[in-house]
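Chemist: based on what follows, work out the 3D shape:
(chains A and B)
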Amino acid sequence: MTRLIDRRTGLFLAALALATLAAPLVLPTHLIPLMGKYLCYALLAVALDLCWGYAGILSLGHGAFFALGGYAMGMHLMREIGARGVYANPDLPDFMVFLGYDHLPWFWWGFASFPYAALMALVVPGLLAFVFGWFAFRSRVSGVYLSIITQALTYALLLAFFRNEMGFGGNNGLTDFREVLGFSLSAPATRLALFGLSAAALAGCLILARAIVTSKAGKVLVAVRDAESRTRFLGYRVEGYSVFVFTVSAMMAGLAGALYVPQVGIINPGEFAPANSIEIVVWVALGGRGTLVGAALGALVVVALKSWLTATFPDLWLFALGGLFILVTLALPNGLLGLAARFARPRPRAEVSA
Amino acid sequence: MTPPAIGATRAAAQLYLDGVSRSFDGFKAINGLSLAVQPGELRAVIGPNGAGKTTMMDIITGKTRPDAGVVLWNGDTDLTRLDEAAVARLGIGRKFQKPTVFETHSVEDNLRLALKAPRGVLATLLHRRTADEDARVTALLEQIRLAPQRQDQAANLSHGQKQWLEIGMLLAQDPALLLIDEPAAGMTDAETMETAALLKSIAGARTVIVVEHDMDFVRALNCRVTVLHQGAVLAEGSLDHVSARADVIDVYLGR
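Modeler: Sure, this is the predicted structure:
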């Protein structure tokens, strides 16, 4: 019987808790939002691994769900600026005044409320994934075709959000945030709280994902991945399971985006870029597909590497990313966690002799 | 337009096909196929490659829609309107020609997923193992002789063992009808005879339709045989009866 918290999940959660508690003591405050951003990426990787690693749904558009969650939170943060914007308009964000809006578009209604915005950060990506998945999986689109249309989805959203007429700030996106729930976003305490929330969200979603994959439904998902027609002929409606896991995964990605935006201070259409979604796949592949914990670790390793490389050798980053992907595909089919397992296997004997 | 001989069995038949046709790009894979199978019957379907055996199974199990014809279950359920999952839930199990099991799951988990139980997402999310299920899995493992391999990954089973595991998964569904596509393919002689004995022991309580090429295996089944040729029934009767017919010898058995 598979346990909800297996050894490596337990180790990861313990390390995460330790690191979260230690970070404020050892790191300067200006680095805390960066760490929080990393944790959001780790959560995004867990979300993708849930649907790719277990159900075999290789989404090349998960960045879209992340960005939609981010926009939902960004819209709230824009409304919270209120009359303190450059144009001092209490009802309209600066970019709307600049573009000559005379009233708030209907899809901005309600975003002045934090609970509503937080709900939308989950509902909007979830609903999009549900509708998209409903049509795709019912028509039995799978494999590389599904990957391509998810890529098209995020690209279409990229183009749409670039347009000023869409009412989401166009090219510049949403930025100049000041406060969340009345707490200044630049205050160290707020930054620590957001960082802590990111860690809690990562831990919570990891446990939720473990609960799904260790349930009988999780075994059905793996069955769909391994032998879809066998699963159908056993009486399972495969599309129901695919839609379910795709939707849950998209909502997790939306949550990650919602936590990301207040920590980085901006959300713009660039987050929909197809390359972003592909990078998530590299994180998961590097860490170890179908392991959840590995996906989170893969994200942390790659984004830390990215931060370092883009600062020291800015021209090398894309080569490094491509090289990593080739290396993983050729040499590490089970990712870092698979490599660790290979080294770890003889260890119990060593412990006995020691 | 129903011929009287088949019309008479329509009410009694568990599975009833009449005038079923299906073509792919102009090729008539199934061409006016009629077949009636009684509850509890063991039936062998033989025929040369391309005779339409697999297409027939695809039509019965909801994978392929016929262009014309009637496919009835228990005299009243139209199988041509249902998808694979709905057909499976009626109690029709299917074994593929190439053994198809969940390779990364254990032998035990393969059977657990197949056990008759609610198939919805919510039901499986909230599912808890019961002692009754454990007992059924143990009994099935005994029946398909895989008890020692209970915890093994299905990928590590031999070809013959995978065939048996897949038959076990069919039995776990508690089906009324089993459709079995070339179970003896790739099996040793001893395994082939054991498989024949297993299928004979299953028939009676359940209906079993076996598609097979291996004539020794069909002989061991000792049951009514339907010969398919070019998408239609060429002959039907005991193996001795059909194998004595000149047309069957011509198209299939060879002289």
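
Chemist: got the contact list for the one helix or strand residue A:323 maps to?
Modeler: Residue A:323 is part of helix A:317-331 when elements are defined by DSSP states H and E. Here helix A:317-331 makes contact (C-beta atoms under 8 Å, 6 or more residues apart in numbering or on different chains) with A:279, A:282, A:285-286, A:302, A:305-306, A:309-310, A:335. The way it works is simple: take the backbone N, C-alpha and C, and place the C-beta from them, glycine included.

Chemist: of those, buried ones?
Modeler: For these, a burial check counting by 16 or more other C-beta atoms under 10 Å in any protein chain shown picks out A:279, A:282, A:285-286, A:302, A:309, A:335.

Chemist: strands of the stretch 1-150 of chain B, start to end?
Modeler: Secondary structure of the stretch 1-150 of chain B (DSSP state E, counting those that start in this stretch): strands at B:15-24, B:27-37, B:42-46, B:68-73, B:77-78, B:92-95.

Chemist: just the ones you listed: most buried one?
Modeler: Ranked by mean neighbour count, these are led by strand B:92-95 with a mean of 27 (mean count of other C-beta atoms under 10 Å in any protein chain shown).

Chemist: distance between the ends of stretch A:270-279?
Modeler: From its first residue to its last, stretch A:270-279 covers 13 Å (C-alpha to C-alpha, to the nearest Å).

Chemist: list the buried residues of it.
Modeler: Neighbour counts over stretch A:270-279 (16+ other C-beta under 10 Å) mark A:270-274, A:276-279 as buried.

Chemist: my guess is residue A:266 contacts residue A:175. True?
Modeler: Yes - if you go by C-beta atoms under 8 Å, residue A:266 and residue A:175 touch, sitting 4.1 Å apart.

Chemist: for the residue nearest to residue B:96 when sequence neighbours are not counted, name its beta-bridge partners.
Modeler: Among residues not flanking residue B:96 along the chain, residue B:181 sits closest, at 5.8 Å (C-beta to C-beta, 6 or more residues apart in numbering or on different chains). Under DSSP bridges, the beta-bridge partners of residue B:181 are residue B:211.

Chemist: and residue B:181, how many neighbours?
Modeler: A count of neighbours around residue B:181, defined by other C-beta atoms under 10 Å in any protein chain shown, yields 18.

Chemist: which parts of the stretch 101-250 of chain B are helices?
Modeler: With helices called from DSSP state H, counting those that start in this stretch, the stretch 101-250 of chain B shows them at B:107-114, B:121-125, B:131-143, B:159-172, B:189-202, B:215-221, B:239-244, B:246-248.

Chemist: packing partners for the last one?
Modeler: In other words, helix B:246-248. With contacts taken as 3 or more C-beta pairs under 8 Å, 6 or more residues apart in numbering or on different chains; DSSP states H and E, helix B:246-248 sits against strand B:232-237.

Chemist: put the alpha carbons of the strand it packs on into PDB.
Modeler: The C-alpha trace of strand B:232-237 is given here as PDB (Å, rounded to 0.1, in the frame of the first residue of the first chain):
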ATOM      1  CA  ALA B 232     -19.400 -12.700 -43.100                       C
ATOM      2  CA  VAL B 233     -20.100 -16.100 -41.600                       C
ATOM      3  CA  LEU B 234     -19.000 -18.900 -43.900                       C
ATOM      4  CA  ALA B 235     -19.900 -21.900 -41.800                       C
ATOM      5  CA  GLU B 236     -20.900 -22.700 -38.300                       C
ATOM      6  CA  GLY B 237     -21.100 -25.900 -36.300                       C
END
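
Chemist: what are the buried residues along it?
Modeler: So for strand B:232-237, counting by 16+ other C-beta under 10 Å, buried means B:232-236.

Chemist: also stretch A:31-46?
Modeler: Neighbour-count burial for stretch A:31-46 flags A:32-33, A:35-46 (criterion: 16+ other C-beta under 10 Å).

Chemist: for the record, mean pLDDT for it?
Modeler: On average, the pLDDT along stretch A:31-46 is 97.

Chemist: what of stretch A:164-172?
Modeler: Stretch A:164-172 shows a mean pLDDT of 92.

Chemist: off-centre distance for it?
Modeler: Mean-position distance between stretch A:164-172 and its chain equals 23 Å (C-alpha atoms, centre = their mean, to the nearest Å).

Chemist: restricting to C-alpha, output it in PDB.
Modeler: The C-alpha coordinates for stretch A:164-172 follow below in PDB (Å, rounded to 0.1, in the frame of the first residue of the first chain):
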ATOM      1  CA  ASN A 164      -4.500  47.300 -25.100                       C
ATOM      2  CA  GLU A 165      -8.200  46.800 -26.000                       C
ATOM      3  CA  MET A 166      -8.300  43.700 -23.900                       C
ATOM      4  CA  GLY A 167      -8.300  45.800 -20.700                       C
ATOM      5  CA  PHE A 168      -5.400  44.100 -19.000                       C
ATOM      6  CA  GLY A 169      -2.800  46.800 -19.400                       C
ATOM      7  CA  GLY A 170      -1.500  45.500 -22.800                       C
ATOM      8  CA  ASN A 171       2.300  45.200 -23.200                       C
ATOM      9  CA  ASN A 172       3.100  46.700 -19.900                       C
END
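
Chemist: run through who's touching it.
Modeler: Taking contacts as C-beta under 8 Å, 6+ apart, the residues outside stretch A:164-172 that touch it are A:71, A:75, A:93, A:95-96, A:99, A:101, A:105, A:107-108, A:160-163, A:174-175, A:268-269.

Chemist: return the subset of those residues lying in strands.
Modeler: Counted as lying in strands by DSSP state E, out of the contacts of stretch A:164-172, are A:174-175.

Chemist: buried among the contacts of stretch A:164-172? Make that a PyMOL selection.
Modeler: Buried residues among those (16+ other C-beta under 10 Å), as a PyMOL selection:
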select buried, chain A and resi 71+75+93+95+96+101+108+161+162+174+175+268+269
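
Chemist: turn the helices of the stretch 101-250 of chain B into TSV, including mean pLDDT.
Modeler: Below are the helices of the stretch 101-250 of chain B laid out as TSV (pLDDT from 0 to 100):
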stretch	mean pLDDT
helix B:107-114	96
helix B:121-125	95
helix B:131-143	95
helix B:159-172	92
helix B:189-202	90
helix B:215-221	91
helix B:239-244	90
helix B:246-248	87
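
Chemist: single out the most deeply packed of those helices.
Modeler: Each of the helices of the stretch 101-250 of chain B was scored by mean neighbour count; the highest is helix B:107-114, a mean of 25, by mean count of other C-beta under 10 Å.

Chemist: turn the helices of the stretch 101-250 of chain B into JSON lines, columns for distance to residue B:78.
Modeler: Shown next, in JSON lines, are those (distance: least, C-beta to C-beta, whole Å):
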{"stretch": "helix B:107-114", "distance to residue B:78": "26"}
{"stretch": "helix B:121-125", "distance to residue B:78": "26"}
{"stretch": "helix B:131-143", "distance to residue B:78": "31"}
{"stretch": "helix B:159-172", "distance to residue B:78": "23"}
{"stretch": "helix B:189-202", "distance to residue B:78": "27"}
{"stretch": "helix B:215-221", "distance to residue B:78": "30"}
{"stretch": "helix B:239-244", "distance to residue B:78": "30"}
{"stretch": "helix B:246-248", "distance to residue B:78": "32"}
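
Chemist: residue A:154 is nearest to which of the ones you listed?
Modeler: Residue A:154 sits nearest to helix B:121-125 of all the helices of the stretch 101-250 of chain B, at 25.9 Å, using C-beta to C-beta.

Chemist: what about the closest one, near chain A?
Modeler: Yes - using C-beta under 8 Å from any C-beta of the partner chain, we find that helix B:121-125 touches chain A at B:121, B:124-125.
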